[in-house]
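K.L.:
structure for the following, please:
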Amino acid sequence: MPGTSYRGAAYVSCHTHRLPACFSRAVTAVCKLTSPASGIPPLASLCTAGLLDYSAREGEAFSAAASGLHPRHQLPFVLSRVAASKAIASLSPCERSTDPKKKGRLPVVFADRREAAPALHGCLLSISHEDSVAASVAWPLSSSNTMLNDCNAAPTSLDDRGKLSCSVAASLYPTAASFAYAIDVVNVAEVHRVRSRFPLLGQRWVPQCNTAACAEDVRYGLACLQKQQQTCVTETKVPEDIVGGEGVNSREAADRRDKWWAHLPTPCVSEADAFAAVVLAQHWGARECAVKLVGIPGRSFAYECVRALSSRGGGPFVTESATFTVSLMGPHTLYCAEVSGVEASAFAQQGLQSLLFLYTWTEWLPFSTSVDLPYVVVLACAPCLSGEW
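P.N.:
Numbers count the residues shown, from 1 in each chain. Purely as a prediction, here's the structure:
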């Protein structure tokens, strides 16, 4: 609407997430809408007046970079570049909990292709986006003493099952000089829609999600999904659970997420159906991350080659049975898997060990004024064989 001012309205939230301590050199950032898409101003107005920490001129850089894309892709592109900019700016330890403007420095504005990040900012990027949310992981170009020196970082406050001790990490991959990372965002509603509408296509998807979870496990898994994870958010300019810029308390957030699966554009028929959709979204995201790590354009990835490692005598990793690919991955929990068969060779060709660490959480976005829907974020890490990545 002409003449309307959007300055100061919290249409976009951007925050970083804590990771297990041995992965401390990487930073993940999530950028998402805080109102239903129908209530978001035009892109130009959003970029010039609705991005916290960015001036109008800085916001215009995001808008200009997206202008040549199809209109449907412009907003996701901007969200993804804001997330990438946040991750890059937070990569330095001294920046991770400090507002750059308070230090007299301009915020990072990264509106380029991810391949430009090494030359522009001395780091590597993985970026993913859906319609209303984007995520990015940034990590520095490797040096000869990267990984094990990171173990001096203070441990992160995570669920006990998610803690990764450096002694165990070093024993698992003593020759690793660095990690390669990949991130993916998955819209649970869209996964369920495609799976329901095209069952034959769904049967060819990996993994198959005919889960054997009992009713109690289904209810527990959905409850974990809906639980707030505020402790894992390290930086945010607006409350984690907000709609239209207004803060929402824990009870209201729980109400907005209650039986979310019944409010999907293609509703789930039961809790078990919703549980299967979430499991498929998680492992589809993990598979997409594996494709990105292999880095060969246009190829697929045989996800059946990913198997959870055994417990190794009560180590810190969460392990599953042979049905790992049809099991729910707990949020903010570290999983360790082995890549075997033909995909182990593909990893080796890219200079990666045949180990895959998976870490996932859920972002909730407003679908309407009263309902939030889940988007799964999956982060994958693979240790390098040797040398620099």
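
K.L.:
for the stretch 1-150 of the chain, just list every one of the strands.
P.N.:
Listed in chain order, the strands found in the stretch 1-150 of the chain under DSSP state E, counting those that start in this stretch are 12-17, 27-33, 123-129, 133-140.

K.L.:
for Gly50, what are phi and psi?
P.N.:
phi -110, psi 10 (degrees, to the nearest 10).

K.L.:
correct me, but it touches Pro41?
P.N.:
Yes: under the criterion of C-beta atoms under 8 Å, Gly50 is in contact with Pro41, at a separation of 6.3 Å. The way it works is simple: take the backbone N, C-alpha and C, and place the C-beta from them, glycine included.

K.L.:
when those two are compared, which one has more neighbours?
P.N.:
In this view Gly50 and Pro41 are compared by other C-beta atoms under 10 Å, and Gly50 has more residues nearby, 23 against 18.

K.L.:
could I get the full set of helices for the stretch 101-250 of the chain?
P.N.:
117-121, 146-149, 166-172, 188-197, 199-204, 215-226, 250-257 (DSSP state H, counting those that start in this stretch).

K.L.:
lowest-confidence stretch among those?
P.N.:
Ranked by mean pLDDT, the helices of the stretch 101-250 of the chain bottom out at helix 146-149, which scores a mean of 37.

K.L.:
including mean neighbour count, could the strands of the stretch 1-150 of the chain go into TSV?
P.N.:
Putting those into TSV (neighbours: other C-beta atoms under 10 Å) gives the following:
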stretch	mean neighbour count
strand 12-17	23
strand 27-33	25
strand 123-129	23
strand 133-140	26
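
K.L.:
quick one: closest of these to Ser55.
P.N.:
Each of the strands of the stretch 1-150 of the chain was scored for nearness to Ser55 using C-beta to C-beta, and the closest is strand 12-17 (14.7 Å).

K.L.:
give me the nearest residue to His17, chain neighbours excluded.
P.N.:
Setting aside the residues directly before and after it, His17 is nearest to Thr28 in space (C-beta to C-beta, 6 or more residues apart in numbering), at 4.8 Å.

K.L.:
distance of the one you found relative to Cys14?
P.N.:
Distance check for Thr28 against Cys14: by C-beta to C-beta, to the nearest Å, it reads 12 Å.

K.L.:
before we move on, what about Asp217?
P.N.:
34 Å.
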